[in-house]
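Visitor: Okay, sequence plus prediction incoming.
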Amino acid sequence: MIPEFEKFKGFSAKTLPKDEIVAPGHRACQGCGEMLALRMAMKALGKDIIVANATGCMEIVTSPFPQTAWTVPWLHVAFENAATVASGIEAARKVLARKGKIPKKHIDIVAVGGDGATGDIGIQWISGAFERGHDMVYICLDNEAYMNTGVQRSGCTPYGAMTTTTPPGKESFGQVTWKKNVPAIMAAHGIPYVATASPAYYVDLMNKVKKAALVKGPAYVHIYSPCPTGWGSPGEKSIEIARLVVETRVVPLYEVIEGKYILSRKINKPKPVTDYLKTQRRFKHLKEEQLAYIQKRVDEEYDRIVKLSEMD
């Protein structure tokens, strides 16, 4: 067990932090699950942070010139290099503190990116930062496509999903590849902490983000983030959908602590995957054969995680 975790009592519904790091008045869409996830994550981290935010929805809606919704030091960086900028900030602070130019106070260095900035465009930059061992938290807000540029598919777009670049037709049925397992890729770097989270389980999400900050070295949190605009789902249903994705085992909630997989919530009696898929227009075109394949793959992927969690 990571020593810093022993002192952390964990948040509860009654002891959640009150500070709003991302202030009200941002311009996110109604029912945006990504904004909910971002607010929860930042509240868990508190004010002593510096954020490097990749180009994407959350950067766009929180920083329309000349306004900002951020109450902490925040940098908008290129699509691909949030992790590199964060690692540079972390290294610069070490040097400045050693030279006595800034106080030796711990500040959490945080990189934020969407699934495109994380799993596609920026993956090599993250890999480099993690391999070098920088003390930082990387948060991926995964809405499963490039949403702010027009709902184009990403490596994290689910199998069968309709996007503007994977439209269903007479011979096609949407995304043809299975979603990239980015948390597993990050865990393969041998970093101390990796976790998955959903905004429907807000205490779990906030505890995982805080634990990531307590780690000495790189830590990664992958947060499922419903997008009503891109998914064709009702804005008021975002939390319900974020709960269903866990109850159907489509997104398992777990931690990888120093290489050990730990299930956060074991789903012994899962709901059918179709209960989740039917909440979103992006899946409405799927036929029985595709639905059956998705159910089979979801079951296999979940069983794999369970077996990993049972290993000594």
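Guide: Cool, got the structure. Residues are numbered from 1 along each chain as shown.
Visitor: what sits up against the top helix by length along the chain?
Guide: Under DSSP state H, the helix in the chain containing the largest number of residues is helix 288-309. With contact meaning Cβ atoms under 8 Å, 6 or more residues apart in numbering, helix 288-309 is reached by 159-160, 173, 178, 248-250, 252, 254, 261-263, 266-267, 270, 272-274, 277, 286. In this view, the C-beta of every residue, glycine as well, is placed from N, C-alpha and C.
Visitor: 6 Å - rerun?
Guide: 160, 173, 249, 250, 252, 254, 261, 262, 263, 273, 274 (Cβ atoms under 6 Å, 6 or more residues apart in numbering).
Visitor: What is the lowest-pLDDT residue among these?
Guide: Checked by pLDDT, the contacts of helix 288-309 have residue 173 as the lowest-scoring entry (94).
Visitor: thinking again about what came up before, next, the buried residues of the longest helix of the chain.
Guide: Going by neighbour count (16 or more other Cβ atoms under 10 Å), the buried part of helix 288-309 is 290, 291, 294, 295, 298, 301, 302, 305, 306, 308, 309.
Visitor: Could you check how far that helix is from the centre of its chain?
Guide: 21 Å (Cα atoms, centre = their mean, to the nearest Å).
Visitor: now do stretch 246-263
Guide: Using Cα atoms, centre = their mean, the offset of stretch 246-263 from its chain centre is 13 Å.
Visitor: Kindly report the same for stretch 276-293.
Guide: 23 Å.
Visitor: Quick check: residue 138 is in a strand.
Guide: Yes: per DSSP: H, G, I helix; E, B strand; the rest coil, residue 138 lies within a strand segment.
Visitor: What's opposite it in the beta bridge?
Guide: residue 111, residue 220 (DSSP bridges).
Visitor: That one is in contact with residue 221, isn't it?
Guide: No: with contact defined as Cβ atoms under 6 Å, residue 138 does not count as touching residue 221 (7.5 Å).
Visitor: quick one on the thing from earlier: identify, from the contacts of helix 288-309, the entry nearest to residue 30.
Guide: Residue 30 lies nearest to residue 250 out of the contacts of helix 288-309, by Cβ to Cβ, at 23.8 Å.
Visitor: Please tell me how far that closest one sits from residue 270.
Guide: According to Cβ to Cβ, to the nearest Å, residue 250 and residue 270 sit 9 Å apart.
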